[in-house]
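Chemist: Sequence plus the predicted model coming up.
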Amino acid sequence: MGNQQRHIDYDKIAQLDSFKQLVKKKNSFLWTLTAIFLIAYMTLPVLTSYTKILHAKAIGDITWVWIYSAGLFIMTWSLAHLYVAKAGKYDKEAKAIIEEYERGQR
């Protein structure tokens, strides 16, 4: 479209079924990711404060709490990588929805 300004009515886009499906899918993904993250992080202080399970030695003098903590870093990086990959797909879907809207305006 070049330098030509285009008007996009986001209220109309929000009424499209394809947009509603995208929002539902994205929200489901984000809430799932958030739940995994919070449960994994909140489990550490619960297990270390109220149980002895992570205080046992795993490898030499290294206890399970250290392994669990290292796993949290790995999990965080993995979830961030997964989010970036999924966000790229959602961006493509959003672009397709805008194109769908523009086709309907002609």
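Modeler: Arrived safely. Computed from a predicted model, the values in this text were never measured in an experiment.

Chemist: If we go by neighbour counts, what in stretch 88-95 is buried?
Modeler: Buried residues in stretch 88-95, defined by neighbour count with 16 or more other CB atoms under 10 Å: 90, 93, 94. C-beta: built from backbone N, CA, C; applies to glycine.

Chemist: can you list the residues that contact that stretch?
Modeler: With contacts defined as CB atoms under 8 Å, 6 or more residues apart in numbering, stretch 88-95 is touched by 18, 22, 25, 26.

Chemist: What ranges does this protein have for its strands?
Modeler: 57-59, 62-63 (DSSP state E).

Chemist: I'd like the ones you listed as TSV, with mean pLDDT, distance to residue 32 and mean neighbour count appended.
Modeler: Formatted as TSV, these follow (pLDDT from 0 to 100; distance: least, CB to CB, whole Å; neighbours: other CB atoms under 10 Å):
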stretch	mean pLDDT	distance to residue 32	mean neighbour count
strand 57-59	95	29	10
strand 62-63	96	30	14
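
Chemist: Can I get these in CSV including distance to residue 39?
Modeler: Listed next are the strands of the chain as CSV, based on distance: least, CB to CB, whole Å:
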stretch, distance to residue 39
strand 57-59, 22
strand 62-63, 21
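
Chemist: right, so of those strands, which gets closest to residue 71?
Modeler: Proximity of these to residue 71 was assessed by CB to CB; the nearest stretch is strand 57-59, lying at 11.5 Å.

Chemist: what's next to that closest one, contact-wise?
Modeler: 63, 64, 66, 67.

Chemist: Buried ones among those?
Modeler: 63, 64.

Chemist: Put together a markdown table for the contacts of strand 57-59, with distance to residue 45 on each row.
Modeler: Shown next, in a markdown table, are these (distance: CB to CB, whole Å):
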| residue | distance to residue 45 |
| --- | --- |
| 63 | 15 |
| 64 | 14 |
| 66 | 15 |
| 67 | 16 |
